[in-house]
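# Pasting a predicted model and its sequence here:
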Amino acid sequence: MRTDTIAAIATALSEAGIGIIRVSGPEAVSLVDHIFYNSAGLRKLSGKSSHTVSHGYIVDTKEGEDWKKGIVDEVLAVLMKAPHSYTGEDTVEINCHGGVLLLQKVLQLVLRNGARLAEPGEFTKRAFLNGRMDLSQAEAVMDVIHSQSEMALSSSIEQLTGKLALVVRDLRQQILYEVAFIESALDDPEHISLEGYEERLSLKCTSFIDRIEKLIASSQDGRLMREGIQTVILGRPNAGKSSLLNAILGEERAIVTQVPGTTRDILQETISLRGITLHMIDTAGIRHTEDVVERIGVDRAREYAQKADLILFVIDGSELPDEREKEIISFIGQKHVIVVINKTDLNTIVSEDQIHAFFPERADIPIVRISASSGAGLDLLGKEIEKLFFDGELKGNREAVITNLRHKEALEEAGKSLLLVRQGLEARMPEDFYSIDLMGAYTALGSIVGEEVGEDLVQEIFSKFCMGK
């Protein structure tokens with residue numbers, strides 16, 4: 001691990017009220033002391049207690065010169081001494097005025113006095129290497145930064161506080177206990193008996209596998225939390241697809257007319273509905289047409305429907321469904337779908353029984369009545385999406401959720417090792433074989449929290465971070 005002192009701009013490089021230069025490492029305090037003066041003209045930072053804020057000036061001057069002539073900016077310097085800082089090292093955060101040129105000038109002054117420009121993610125990497133957080137928490141830092149919905153942010157913060165790490169460490173501890181028991185029994189068979197142990201280990205493995213499979217199953221919800229739900233709006237021409245998109249967006253984004261076939265190409269927007277990120281795709285109305293451009297739009301609608309996480313099937317409530325709706329149903333398949341009966345502000349003649357008749361094999365298909373023109377029913381649509389994907393427990397879900405593909409793969413590897421243990425038990429193999437496969441699961445789980453990873457993986461993970469974090 002490198003132990004030099006690093007520095008970087010920790011805030012966005014744009015005009016703002018405040019900008020922060022973060023400095024971390026063994027020389028952080030003494031280095032900043034060379035360029036920081038309080039109002040009395042004294043370099044007092046090194047004598048301060050940890051977690052204190054000092055008012056003063058960043059000064060660029062030579063020894064013997066009047067320090068006031070070299071003032072670069074009036075600042076607040078926040079001092080955090082090791083090990084009680086983000087990185088676990090001595091850290092100083094210089095709070096400047098937020099001009100781009102000013103921030104760069106202060107940073108260059110810090111670098112000129114002995115710091116090195118930090119690599120992307122290096123502050124968080126040092127926090128991990130110094131034991132301030134495990135690898136799953138470090139990865140959650142980036143998830144927090146990139147969160148695009150309340151749901152994704154909540155999930156990331158829970159991982160940042162160590163929820164997943166607690167579950168993983170508990171599993172590892174129990175697995176390690178079984179390994180230690182087997183090894184002890186093999187080394188000292190006179191005092192530690194393995195009689196009846198195979199049945200007990202089988203039950204334990206079943207419990208471990210169930211917990212791991214539950215975590216893996218949560219990865220689908222985790223992906224949707226993190227990336228959002230790919231949502232395709234389908235329906236016949238003039239059913240109100242574009243009006244629905246406009247209503248959810250709260251603005252006239254899509255062109256709406258009474259002319260069938262107005263929407264000819266794909267229109268994409270990302271919105272948040274009840275804290276859920278939806279990547280909305282408005283499509284051309286599904287119908288047979290001789291118009292070449294419109295036909296291309298219809299073909300694209302079919303393609304996007306095949307890739308969708310959710311289909312909003314919009315039906316004009318003022319007209320009876322016909323063969324066009326049947327055609328749409330034919331390529332929806334078993335995908336998640338919500339039937340949206342639109343135009344409830346008009347004379348609605350479509351009944352839920354008629355809808356269910358179109359989906360004879362899917363009796364529980366959700367149906368929502370809305371008026372895209374007035375916005376009535378949109379909240380019910382959000383509730384149905386929440387129920388469909390998250391069992392109606394979006395905000396109340398207190399279980400650990402897997403949002404990272406690397407974590408999912410590690411869990412799958414651990415599950416495979418535990419299945420080998422169970423197969424070995426069924427085949428009555430020697431006990432030392434159980435120990436080997438249990439250690440395989442232990443190691444795979446350790447990679448999630450960073451206790452069983454190589455330098456290459458650590459470097460790859462942190463290289464994806466932004467500068468200053």
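Yep, it's here.

# Backbone dihedrals for the residue nearest to Gly377 when sequence neighbours are not counted, please?
Of all residues not flanking Gly377 in the chain, Ile370 sits nearest, at 3.3 Å (C-beta to C-beta, 6 or more residues apart in numbering). No exception for glycine: its C-beta is placed from N, CA and C like everyone else's. Backbone geometry at Ile370, expressed as degrees, to the nearest 10, gives phi -140, psi 170.

# Does Ile370 touch Asp345 like I think?
No. The criterion here is C-beta atoms under 8 Å, and Ile370 misses it with Asp345 at 9.5 Å.

# which of those two has more neighbours?
A direct count of neighbours by other C-beta atoms under 10 Å for Ile370 and Asp345 places Ile370 higher, at 26 against 14.

# Next one: that one from Arg236, what distance?
Separation of Ile370 from Arg236 (C-beta to C-beta, to the nearest Å): 16 Å.

# Please enumerate the strands of the stretch 351-469 of the chain.
Ranges of strands in the stretch 351-469 of the chain, per DSSP state E, counting those that start in this stretch, are 367-369.

# mind showing which ranges of it have poor pLDDT?
Under the criterion pLDDT under 70, the flagged ranges of the stretch 351-469 of the chain are 390-399.

# Likewise for the stretch 201-350 of the chain?
For the stretch 201-350 of the chain, the ranges with pLDDT under 70 are 251-266, 284-299.

# What values do phi and psi take at the closest residue in space to Arg226 that isn't next to it in sequence?
Counting by C-beta to C-beta, 6+ apart, Arg226 lies nearest to Thr403, which is 4.6 Å off, once chain neighbours are set aside. Reported as degrees, to the nearest 10, the phi and psi values for Thr403 are phi -120, psi 0.

# Surely Thr403 and Arg223 touch.
Yes. With contact defined as C-beta under 8 Å, Thr403 reaches Arg223; the gap is 7.1 Å.

# who has more neighbours, these two?
Ranked by neighbour count (other C-beta under 10 Å), Thr403 and Arg223 place Thr403 first, with 26 against 18.

# From Arg169, how far out is the more buried one?
From Thr403 across to Arg169, the span is 18 Å (C-beta to C-beta).

# Then Leu201?
Distance, Leu201 to Arg169, using C-beta to C-beta: 21 Å.

# that older thread, residue contacts, the residue nearest to Arg226?
Residues near Thr403 by C-beta atoms under 8 Å, 6 or more residues apart in numbering: Asp143, Ala152, Ser155, Ser156, Gln159, Ser219, Gly222, Arg223, Met225, Arg226.

# What of Ser193?
Contact analysis of Ser193 by C-beta under 8 Å, 6+ apart lists Ala185.

# phi, psi of it?
Phi and psi for Ser193, reported as degrees, to the nearest 10, are phi -90, psi 140.

# Mind pulling the model confidence for it?
Reading off the confidence values, Ser193 has pLDDT 79.

# part of a strand, is Ile18?
Yes. Assigned with DSSP: H, G, I helix; E, B strand; the rest coil, Ile18 falls within a strand.
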